[in-house]
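>>> Let me see the structure of the following:
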Amino acid sequence: MVIIRREGFLVKRHHSILRALLPALPLFIAGLLLLPAPADAQYSQKSYKILSFEIEGNDVVPDDKIRDVMRLTKGGRFKKGRYLPRWLNTDITELLAYYRTLGYLNVEVVDTDVERDREKWEARIRLTIREGEQTRVDSLTFGGLTPELETGIRARLLLKTGGPYNPDLIGSDLFRIYNYLAERGHPAAELVHDEEIEGTLARIHYEVDPGPEAKIGKITVDGNKRTKARFVLRELTFSEGDLFDRIAILTSRDRVYRTGLYLSVAILPGDITPQGTVPITIKVRERNVRWFGFGAGFGTQDLVRMSIDWNNSNVLASGKRISLETVFSELLSNRKVEQRYAFSLIEPWMFRTRTVGEWKVSHSRQNIENFTIQSGELEGTVIERYRLVQTSTSFSLSRELSRFSKASIAYSIELSEAGEPTEPVDESFLKPDAVGAITVVYEREARDHLLDPSRGDRFFLSTEYAGTVLGGDNHYVLPVGEAAYYRKLTRGGTLFAMRTQVGWIHSLAGSDLPDYKRFRVGGASTVRGYREESIGPGNFSLLSNVELRVPLFWKFGMAVFADGGNAWESVRNIKWDRFRFSADDDRPTTRSDYRYGYGAGLRFTTPIGPIRLDYGRKLKRLPATESVDRESRDVWHISIGQAY
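Sure, this is the predicted structure:
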């Protein structure tokens, strides 16, 4: 019988004994080094290449699964497995443990035959396994619980009646029982369990003392010197007098930490008082509320890039945040430097709710490529590049809907002025304008890492409504939707990633559309194999990506990918036959064709995300014209962070 008690324990440190043994430690180590090595150890410095690995006697677990479990001797994608005695012994231990998780408690490896060629350093291995009979759970019984608590606990347990008996899950199930009770006002539960195995049947009994029902008592905050206690208290999902709930405590701890004001947060329940309450102490360690940031990088889109920012996350001890940011890109190029300056003021608790309000002012100077005049005498004229200067202000409200999703609404005013076209045309055709807009966004972010995700998904949907009653020179509606999915395919970390993005901008009141709002694709993060934003511009965009990411060794990895996309002038220009994978002289590639890129690349993992080098090739190319050469076949891309 195993008894689990919520009690502390004392470890006695025998310092006097350690001090007496310390002088003899060098002699003991020297003696170990001088001992003769066993026969196998003399060859352990070099491993054997495994030519064959045969498995016999396994009727339940297939050979491939056994080899997956025996990872040390399995080998990799590009090399044979390797043999060392200690590696094989470790793998056999892992294999027996895996069988036990399936209920095969008496499994054994009855024979291990290894043929070694010490001249060629090659080995052939044959394992003979006796699986035995499977032990199953015959019954799960409880004592000391109400029918309601017992029903809820049964649904939480990993071991099920009729399922395989895995003794390693007993500890997990005991922890689940304790958590279930702690989430329902019983933080001082005591558990006892008894296991009885008869033949191939296991009977498990849990005796539970839930203890008294407890409520939240007095809540105190400790460690806050520069921040007010209410910044912590307002993030809590529980209050004094509520029924004790462990989940509410964990959720509150995460919410307090995500304010960005604290380096660490600990919520510590005390002992139950005679009044049946649990006092709560919240210990925090504050961050430095003011800091400077500096960044530099290089990519095929921004070329050399530098950023400087200053932040204050507790302005005048009010909990409000201020940030100033300056970004310079396209440095050391033959183009004018792109600049962006931004100021933002954030109130994390608008209207005394967890609604974040942000006021932002920004100014930018950027180079816009590939502009087509839409109307007038010069309609259809293509300008290679022009300079866009924008000043904008916006106010937004955002709120978390769940742990992974949030929604926001923003009103913005944007003043744009274009000039310095590369072609000799009247700059009035570049349409400087003012835009007033409302943007509504819903976002679900369930990826495990923003720059290098390995699992999860992301969904993004936004709609921008500009002009008409909101004022401005342009009137349009612009919805954009994006979905991405990530899944690991192997235990070694091979990852499948995919993304789809759709965007549409529609003119209202018959006005022309601002060029910088139209869609352009192509480049390191959209369609690789094409220059940045070289496809388009257009009023309707469709983008699709699939990628296989494979770890290689140390911090290196590789990826193979296939991208597709285009930006059409209108939905009416989209034809099914334009999604073809090839073109010929009779039906050459046109700008209405869906453009495909494919290729491979290397990844090097860094703390700020992977450095990515991709080689992309076009599946079909635009033919040459009188004024334009045929599209290049390939493009190299370098960037930080995954493409999506």
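>>> If you count neighbours, what's buried in stretch 192-200?
Buried residues in stretch 192-200, counting neighbours by 16 or more other Cβ atoms under 10 Å, are found at 192-193. The C-beta positions use only the backbone N, C-alpha and C, and glycine is treated the same way.
>>> okay, that stretch in CSV with CA atoms only?
Output in CSV follows, covering the C-alpha atoms of stretch 192-200 (Å, rounded to 0.1, in the frame of the first residue of the first chain):
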residue,chain,number,x,y,z
VAL,A,192,-4.1,6.6,0.0
HIS,A,193,-4.1,3.9,-2.8
ASP,A,194,-3.8,0.2,-2.9
GLU,A,195,-2.9,-2.0,-5.9
GLU,A,196,-3.7,-5.8,-6.2
ILE,A,197,-2.5,-7.8,-9.2
GLU,A,198,-3.9,-11.2,-9.7
GLY,A,199,-2.7,-13.0,-12.9
THR,A,200,-3.3,-10.6,-15.7
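>>> what bits of the stretch 351-500 of the chain have low per-residue confidence?
372-380, 426-432 (pLDDT under 70).
>>> Mind doing that once more with 50?
By pLDDT under 50, the stretch 351-500 of the chain has no low-scoring segment.
>>> Strands of that one, start to end?
355-372, 382-400, 405-419, 433-445, 456-466, 476-488, 495-504 (DSSP state E, counting those that start in this stretch).
>>> Now tabulate these in JSON lines and tack on mean neighbour count and distance to residue 153.
Converted to JSON lines, those look like this (neighbours: other Cβ atoms under 10 Å; distance: least, Cβ to Cβ, whole Å):
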{"stretch": "strand 355-372", "mean neighbour count": "17", "distance to residue 153": "38"}
{"stretch": "strand 382-400", "mean neighbour count": "16", "distance to residue 153": "31"}
{"stretch": "strand 405-419", "mean neighbour count": "17", "distance to residue 153": "30"}
{"stretch": "strand 433-445", "mean neighbour count": "17", "distance to residue 153": "31"}
{"stretch": "strand 456-466", "mean neighbour count": "17", "distance to residue 153": "30"}
{"stretch": "strand 476-488", "mean neighbour count": "17", "distance to residue 153": "31"}
{"stretch": "strand 495-504", "mean neighbour count": "18", "distance to residue 153": "36"}
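>>> Tell me which of the ones you listed sits nearest to residue 176.
Among the strands of the stretch 351-500 of the chain, strand 456-466 comes nearest to residue 176, with 24.2 Å by Cβ to Cβ.
>>> a markdown table for the strands of the stretch 351-500 of the chain, including distance to residue 51?
Listed next are these as a markdown table, based on distance: least, Cβ to Cβ, whole Å:
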| stretch | distance to residue 51 |
| --- | --- |
| strand 355-372 | 57 |
| strand 382-400 | 57 |
| strand 405-419 | 53 |
| strand 433-445 | 48 |
| strand 456-466 | 41 |
| strand 476-488 | 30 |
| strand 495-504 | 31 |
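>>> Nearest to residue 96 among those would be which one?
strand 476-488 (25.6 Å).
>>> The closest one vs strand 433-445, what angle?
30 degrees (axes from the mean of the first three to the mean of the last three Cα atoms, to 10 degrees).
>>> what are the pairing partners of strand 476-488, and which direction each?
Looking at strand 476-488 with DSSP bridges, its partner strands are strand 456-466 (antiparallel), strand 495-504 (antiparallel), strand 506-507 (antiparallel).
>>> Check which element follows the last one along the chain.
In the C-terminal direction, the helix or strand that comes right after strand 506-507 (DSSP states H and E) is strand 519-521.
>>> quick revisit: dump the strands paired with strand 476-488 into CSV; add distance to residue 587 as well.
Shown next, in CSV, are the strands paired with strand 476-488 (distance: least, Cβ to Cβ, whole Å):
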stretch, distance to residue 587
strand 456-466, 36
strand 495-504, 26
strand 506-507, 30
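>>> Which one of the ones you listed lies nearest to residue 87?
With Cβ to Cβ as the criterion, residue 87 lies closest to strand 495-504 of those, at 26.7 Å.
>>> Residues contacting the closest one, please?
With contact meaning Cβ atoms under 8 Å, 6 or more residues apart in numbering, strand 495-504 is reached by 453-455, 478-489, 519, 539-550, 571, 642, 644.
>>> got it, and stretch 209-217?
144-145, 149, 181, 185-191, 238-244, 270, 272-273, 275-280.
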